[in-house]
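Visitor: the sequence and its predicted three-dimensional model are supplied below.
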Amino acid sequence: SFLTLKDFSSDEIKHLLWVSGDLKHRIKHEKQYLPLLQGKSIAMIFEKRSTRTRMSTETGFSLLGGHPCFLTSQDIHLGVNESSTDTARVLSGLSDIVLARVNSHTTLEELVKDASIPIINGLSDLYHPIQILADFLTLQEHYGSLSGLTISWIGDGNNVLHSFMMTAAKLGVHLRVATPKGYDPDSSIIQEAQRLSKQHGTQFLLTSDPVEAARGSNVLVTDTWVSMGQEEEKKRRIKDFLGYQITMQTGSVAKPDWTFLHCLPRKQEEVDDQVFYSPRSLVFPEAENRKWTIMVN
């Protein structure tokens, strides 16, 4: 199963990125048909809506000859009309893989405990590992190499950031994080990121100053300030995140070759149009790479 990149080694993550790039080249550019998943089915459980996760999984799995089966909260109620234990056992007999996009990471852990097939984390409140693989593939394609890059996260201490924190050091990438006070990453994940940084000889900075985080960076990254389920907090959150919008001014202290990532969907208060639609923005190749990286999970 694949719930987080925390337990993956540097070599394993690099291998996932290499295979993703190889599949992309062979299928997209050489027009090869690779029915590696012929006769296999994937059950896609979505407690939260999505454009990129659904499309990338359905198209990616289909390109490899597999059959995706999409289940919304209208079709399946995990732990409501059927226990997670029973759902895991039923889906284990009906499909070969489960990708679950869930509200709580605990739901994934319960599925793994009772399933006899692999469970993939399509997003949880704690981690979003499939997004991070796409991000690093995008940066690898753009810069040629990941080792030595500096990534600056400017925004909420959320699931996407948590996955960056579990992965960056293993790839030789420095990570600089700016979050408003009260929106820090999970404390246990901070401790793990500090440990990984020390182990792999990279830098890890945690601050509340966006300018300090952006200084000397190759890549500026942000995400939504208001995640699904936080709509009632929108006004307060937007107020608390004032000064965190990524603009060309933010990039003025970064490296001359700085680029921008956002996992989407994006709102203008998070990053202005001048950056988002500029040649520095890699957001649309990043979105496409969700398709190529989901294939290796």
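Guide: That came through fine. Numbers count the residues shown, from 1 in each chain.

Visitor: now Ser220: phi and psi?
Guide: Check again: residue 220 is Leu, not Ser. Main-chain torsions, Leu220, degrees, to the nearest 10: phi -100, psi 130.

Visitor: show me what it bridges to in the sheet.
Guide: Taking DSSP bridges as the rule, Leu220 bridges to Ser152, Phe260.

Visitor: in this structure it contacts His262, no?
Guide: No: contact criterion CB atoms under 8 Å: Leu220 and His262 do not qualify, at 9.4 Å. Any C-beta I mention is one placed from the backbone N, CA and C, and that applies to glycine too.

Visitor: where do the contact lists of these two overlap?
Guide: Here Leu220 and His262 have no joint contacts, going by CB atoms under 8 Å, 6 or more residues apart in numbering.

Visitor: so, low pLDDT: which residues of the protein?
Guide: Applying pLDDT under 70 to the chain picks out residues 79, 228-230.

Visitor: center of it, which residue is that?
Guide: What sits nearest the mean C-alpha location of the chain, by CA atoms, centre = their mean, is Gln131, with 2.2 Å.

Visitor: show me the contacts for the residue lying closest to it once chain neighbours are set aside.
Guide: The shortest distance from Gln131 to any non-neighbouring residue, by CB to CB, 6 or more residues apart in numbering, is to Cys263 (5.0 Å). Contact partners of Cys263, counting by CB under 8 Å, 6+ apart, are 52, 128, 131, 135, 160, 223, 286.

Visitor: let's see that with 7 Å instead.
Guide: Going by CB atoms under 7 Å, 6 or more residues apart in numbering, Cys263 touches 131, 160, 223.

Visitor: relative to Thr106, how far out is it?
Guide: Distance, Cys263 to Thr106, by CB to CB, to the nearest Å: 23 Å.

Visitor: got it, and Thr224?
Guide: Distance, Thr224 to Thr106, using CB to CB: 22 Å.
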